[in-house]
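Engineer: my questions concern the predicted model and sequence given below.
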Amino acid sequence: MIEKKFIFEPSHSDSLTEGSVTWQSPSNIALVKYWGKTDPQIPKNASISFTLSNCHTTTTLIYTPKSAPSKSFDFNVFLDGIEKQDFAPKIEEFFKRIEIYLPFITDYTFEIHTENSFPHSSGIASSASGMSALSLCLMSIQKIVDPNISESDFIEKASFLARLGSGSAARSIEGPLVVWGEHSNIFGSSDLFGIKYPDAIHQVFTTFNDTILLVDKGVKQVSSTIGHKLMLDHPFAQARFDQAKDNMSRLIPILEKGDLDAFIDIVEKEALSLHAMMMTSDPYFILMKPNTLEIIESIWAFRKSSGCHICFTLDAGANVHVLFPERDKKRVDEFIKEELAGYCQNKQFISDHVGSGAKSVAS
Ligand code: DP6
């Protein structure tokens, strides 16, 4: 399936000299989860996420014209200055998927230099922020040849490309809330790219906090890519996709009114449904750890005793994202430090909050 709208055909044949571009892209945390897709990276249901702020990837793309033409993708990837050959297959696959939309990528040799603000192997996925930053860098190169591209087309195509790298990356371009996947109640939503959530957002959600508890920093035993595939013949798949669709509809008035009790109900339900799908896949698997459950129980007890609007969500892993409004920050921070940190590896957690999206960095 080729999307003609996104094919870049330069109107003149000037080629670029060498140069470099840099983007910093945030991570995101889904409230309604994407779990299940068809080719090419088309989600089975719409998802929505908070864009984060402190957890981000910075990528510099150095481009040099090839001395002799070739049809191969020539690139080297570096993480914190060290070459990472194990990243190459994912990027090679990404380049294959996007070549039709950015035909110039075979004209250059690239050096991709990337660094994450969060610790290595923290169990925080860097694919969303990483694929977003790389896509934005590639769009900056397109823009040099195509300076008249509008800001909105630039952003839309960056999200479109990022999606082809990793689905959730489509939601790591803008902020504070991004929807990816077509939903009849959300105007402009698309399976092809993420959009800034277009409807009213109560002020409480524009300053929301997300503290990420690092429960297990090891490599997951089942990747998201495999998890998504297992949804294709999952016995509960259709019910799950319907549930996500319904949760998205229910979230619209909640986001407008700032109804925190209803927000908590949907967000926790989504997290547990995601993990329920994993536990009932064939083969089945569990990504939560005993401490994930200890944390959930503690959050529920603290919510009851304190009246704070604190809740949890989960990614495809054991780490817990603790979500809470700014007004509860003092009490929740104390609770995390005193109680929840004890369930984390080396007592490590990352304090983050809702952010406004990716930034271009002057090279
Ligand atoms: C559980 O975006 O990592 O975090 O498209 O195969 O790269 P690929 O999957 P990925 O899946 C993310 C799944 C999730 C839920 C979500 O972020 O919506």
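Structural biologist: Great, that's in hand. Given the structure is predicted, the values throughout are model-derived calculations rather than measurements.

Engineer: contacts only, for the residue in the stretch 251-363 of the chain positioned nearest to the ligand.
Structural biologist: The stretch 251-363 of the chain approaches the ligand most closely through A316 (3.9 Å), counting by CB to the nearest ligand atom. Backbone N, C-alpha and C define where each C-beta goes, glycine included. By CB atoms under 8 Å, 6 or more residues apart in numbering, the contact set of A316 is 35, 125, 220, 224, 227, 274, 278, 287.

Engineer: neighbours around K330, how many?
Structural biologist: Residues lying near K330 (other CB atoms under 10 Å) number 10.

Engineer: that one: helix or strand, and which one exactly?
Structural biologist: Using DSSP states H and E, K330 falls within helix 329-338.

Engineer: now the helix or strand following that helix, how far from the centre of its chain.
Structural biologist: Beyond helix 329-338 on the C-terminal side, the first helix or strand identified by DSSP H and E is strand 349-353. Offset of strand 349-353 from its chain centre (CA atoms, centre = their mean, to the nearest Å): 16 Å.

Engineer: residues contacting L214?
Structural biologist: Contacts of L214 by CB under 8 Å, 6+ apart are 119, 122-124, 319, 344-346, 348-350.

Engineer: if we use 6 Å, what do you get?
Structural biologist: Shown in contact with L214 (CB atoms under 6 Å, 6 or more residues apart in numbering): 122, 319, 344-345, 348.

Engineer: among those residues, who's most crowded?
Structural biologist: Among the contacts of L214, the one with the most neighbours (other CB under 10 Å) is N319, at 27 neighbours.

Engineer: shouldn't F335 be in contact with A301?
Structural biologist: No. Using CB atoms under 6 Å, F335 makes no contact with A301, being 10.1 Å away.

Engineer: neighbour count: the two, which is higher?
Structural biologist: Per other CB under 10 Å, whichever of F335 and A301 has more neighbours is F335, with 22 against 11.

Engineer: list the contacts for the more buried one?
Structural biologist: The neighbours of F335, taking CB under 6 Å, 6+ apart as the test, are F302.

Engineer: one more pass at 8 Å, please.
Structural biologist: Going by CB under 8 Å, 6+ apart, F335 touches 302, 306, 308, 310.

Engineer: do I29 as well
Structural biologist: Applying CB under 8 Å, 6+ apart, the residues near I29 are 49-50, 52, 210, 313, 315, 321, 323.

Engineer: how far away is V222 from the ligand?
Structural biologist: According to CB to the nearest ligand atom, to the nearest Å, V222 and the ligand sit 11 Å apart.

Engineer: neighbours of that residue, how many?
Structural biologist: Neighbours of V222 under the rule other CB under 10 Å: 17.

Engineer: list the buried residues of the helix or strand bottoming out on mean pLDDT in the chain.
Structural biologist: Least confident element among the helices and strands of the chain, by mean pLDDT, DSSP states H and E: helix 224-230 (a mean of 92). For helix 224-230, the buried set under the neighbour-count rule, 16 or more other CB atoms under 10 Å, comprises 224, 227-228, 230.

Engineer: just give me the closest of these to E182.
Structural biologist: If you rank the buried residues of helix 224-230 by distance to E182 using CB to CB, H228 comes first, at 17.5 Å.

Engineer: could you find the closest non-adjacent residue to the closest one?
Structural biologist: Using CB to CB, 6 or more residues apart in numbering and skipping the chain neighbours, the partner closest in space to H228 is K37 (5.0 Å).

Engineer: going through the contacts of A316, which ones are buried?
Structural biologist: Buried among the contacts of A316 by 16+ other CB under 10 Å: 35, 125, 220, 224, 227, 274, 278, 287.

Engineer: tell me which two of these sit farthest apart.
Structural biologist: Across the buried ones among the contacts of A316 (CB to CB), the longest gap, 15.2 Å, separates A125 and M278.

Engineer: residue boundaries of the strands in the chain?
Structural biologist: Per DSSP state E, the chain carries strands over the ranges 19-32, 37-38, 42-43, 47-65, 74-79, 82-83, 108-116, 177-180, 194-196, 209-213, 311-314, 320-324, 349-353, 359-361.

Engineer: let's have those strands in TSV, adding distance to E99 and mean pLDDT.
Structural biologist: Output for those, formatted as TSV (distance: least, CB to CB, whole Å; pLDDT from 0 to 100):
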stretch	distance to E99	mean pLDDT
strand 19-32	19	97
strand 37-38	21	96
strand 42-43	19	98
strand 47-65	15	97
strand 74-79	13	96
strand 82-83	23	96
strand 108-116	12	96
strand 177-180	22	98
strand 194-196	22	98
strand 209-213	35	98
strand 311-314	35	98
strand 320-324	35	98
strand 349-353	34	97
strand 359-361	24	97
